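Chemist: here's my sequence, what's the structure:
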Amino acid sequence: QVLLVESGGGLVTPGGSLRLSCIASGFTVHDYNIGWFRQVPGKEREGVSCISSSDARTYYARTYYADSVNGRFTVSRDNAKNTVYLQMNSLKPEDTAVYYCAAGIGGSYDLWGQGTQVTVSS
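Modeler: Have a look, this model is predicted:
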């Protein structure tokens, strides 16, 4: 079964940290672009970060961050665990959202996880 499962969300105070995990099943995560998105009720889904598929020769992967999280969030991948992580530091109340990971090729994402809630509040 082809599946993405997110975990690691929760309640954290402003300035705190969380690490989200996106575990892939049924496919090899480094062969696909993996994106992190977030959505607040009533608002459009926002792209947060992504890590590209690995270059076949160099194994290099590109990363991308939205301006709103650049310098605070870090995306990484553990090929042995077939898992992509989103390390979120210096969290702000405006980071509160449901976070989703998605897998795709090129500019589209075709497989989505169920989402994990992140709440930043004092």
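
Chemist: what number of residues lie near the nearest residue to residue 55 once chain neighbours are set aside?
Modeler: Nearest-residue entry for residue 55: residue 61, 7.3 Å, with adjacent residues in sequence omitted and distances by C-beta to C-beta, 6 or more residues apart in numbering. Every residue, glycine included, has its C-beta placed from N, CA and C. Counted by other C-beta atoms under 10 Å, the residues lying close to residue 61 total 18.

Chemist: pull the contacting residues for residue 61.
Modeler: Residue 61 is in contact with 30, 51-55, 77, counting by C-beta atoms under 8 Å, 6 or more residues apart in numbering.

Chemist: what about the residue positioned nearest the centre of the chain, helix or strand, and which?
Modeler: By C-alpha atoms, centre = their mean, the chain has its centre lying nearest to residue 36, at 3.1 Å. If you go by DSSP states H and E, residue 36 is part of strand 33-39.

Chemist: now residue 16
Modeler: Counting by DSSP H and E, no helix or strand carries residue 16.

Chemist: and the pLDDT at it?
Modeler: Model confidence at residue 16, given as pLDDT, is 98.

Chemist: spatially nearest residue to it, not counting backbone neighbours?
Modeler: residue 91 (5.4 Å).

Chemist: cool, and residue 121?
Modeler: In space, residue 121 is closest to residue 93, 6.3 Å off (C-beta to C-beta, 6+ apart).

Chemist: tally of neighbours for that neighbour?
Modeler: 11.

Chemist: residues in contact with it?
Modeler: Contacts for residue 93 were tallied using C-beta under 8 Å, 6+ apart; they are 14, 120-121.

Chemist: nice, that's everything, thank you.
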